[in-house]
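Novice: Fold the following.
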Amino acid sequence: MSRYNETFVIEDDDTSIIARETRNALLNSAEYWEWYSREALNIRTIGELNAGAIPKSSNIIAVGTIDHVEYWMKHMKIPIPAPLDIPVELEAFLGERGPCQRGPSSDLYAEKSAVDIHYKDISMSKGASRMVERGEIIGGKNDRSLCRITKWVEMISEWRVFVKNNKVIGVCNYRGDPLMFPNSGTIAEMISAYTLAPAAYTLDVAVIMDGKTIIVECHNFYACGLYGLCFTDAVDMWYRWWKYYTSKCGVL
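Specialist: Numbering: from 1, shown residues only. Below you'll find the model as predicted:
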């Protein structure tokens with residue numbers, strides 16, 4: 001008996017951290033469910049499948065790097081999702097980082113920044129981000145890629161909150177002081193405020209100098225770093241997000 005009817009498709013090459021982390025989570029889950037309930041996980045590498053022979057409606061769940069997952073989306077005629085970034089409903093939780101400005105890079109272009117800025121390309125998943133120091137040029141004069149800027153603040157610790165069906169199933173520290181914990185009440189308020197949230201996503205938050213918890217950004221749950229999340233929870237989140245998104249796109 002299979003725990004899920006779908007087949008999880010992973011990459012042949014696991015040299016990248018995300019691909020290796022994905023493979024390990026799936027294989028560990030397969031071993032666990034076989035031991036615990038005699039349930040199997042259907043796992044195949046891309047090399048074991050002939051992509052051209054798999055129809056749009058096939059029960060495929062692609063997991064791994066962005067390139068791998070988005071390859072399967074394109075093959076199955078599934079639109080690539082826009083980055084969640086900082087949802088409008090959660091801009092109230094930016095704290096000292098606010099306000100948030102979005103637009104083509106050229107529209108935000110300025111010869112000199114008045115304050116230190118966090119600049120991020122939001123035209124694609126996992127777009128590049130960097131600090132623009134006071135006095136530096138913001139944006140690109142002829143660059144039409146979509147970007148977002150907020151004020152730069154020092155973050156003492158950063159945490160990834162894993163949310164499934166509006167409930168927290170894991171909180172993992174990925175940068176900074178692991179003993180500077182985020183405020184659970186603030187996290188609950190963020191989740192409650194995010195009324196258009198997908199079925200599975202990550203909510204990245206930070207603790208800043210004054211001890212407050214603020215939002216960093218959100219991610220659809222694919223090609224995400226797990227940072228120690230329980231492997232069975234990771235697999236179920238991949239499943240929930242993929243089914244949510246493909247259903248939303250009309251792919252059954």
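
Novice: Tell me which strands the lowest-mean-pLDDT helix or strand in the chain pairs with, and in which orientation.
Specialist: Scoring the helices and strands of the chain by mean pLDDT, DSSP states H and E places strand 129-132 at the bottom, with a mean of 77. Within its sheet, strand 129-132 is paired with strand 117-121 (antiparallel), according to DSSP bridges.

Novice: The very next helix or strand once past the least confident helix or strand of the chain packs against which elements?
Specialist: Next helix or strand after strand 129-132 toward the C-terminus (DSSP states H and E): strand 146-151. Helices and strands touching strand 146-151, by 3 or more Cβ pairs under 8 Å, 6 or more residues apart in numbering; DSSP states H and E, are strand 101-104, strand 117-121. The C-beta positions use only the backbone N, C-alpha and C, and glycine is treated the same way.

Novice: Check which residues of the helix or strand following strand 146-151 are buried.
Specialist: Proceeding N to C from strand 146-151, the next assigned helix or strand is strand 155-164, under DSSP H and E. By 16 or more other Cβ atoms under 10 Å, the buried positions in strand 155-164 come out as 155, 157, 158, 159, 160, 161, 162, 163, 164.

Novice: Could you do stretch 87-107 as well?
Specialist: Buried residues in stretch 87-107, counting neighbours by 16+ other Cβ under 10 Å, are found at 87, 90, 93, 94, 95, 97, 98, 100, 102, 105.

Novice: Break this structure down into its structural domains.
Specialist: Annotated domains of the chain cover 2-82+232-248, 99-151, 154-220 [automatic domain parsing].

Novice: Any idea which of the ones you listed gets closest to residue 226?
Specialist: Among those, the nearest to residue 226 by Cβ to Cβ is domain 2-82+232-248 (5.3 Å).

Novice: The nearest residue to residue 102 once chain neighbours are set aside: neighbour count?
Specialist: Spatial nearest neighbour of residue 102, excluding adjacent residues (Cβ to Cβ, 6 or more residues apart in numbering): residue 148 at 4.8 Å. Neighbour count of residue 148, defined by other Cβ atoms under 10 Å: 21.

Novice: Report the beta-bridge partners for the most centrally placed residue in the chain.
Specialist: For the chain, residue 219 is the residue whose C-alpha lies nearest the centre (Cα atoms, centre = their mean; 2.7 Å). With beta bridges defined as DSSP bridges, residue 219 has these partners: residue 202.

Novice: Please consider this matter closed, and thank you.
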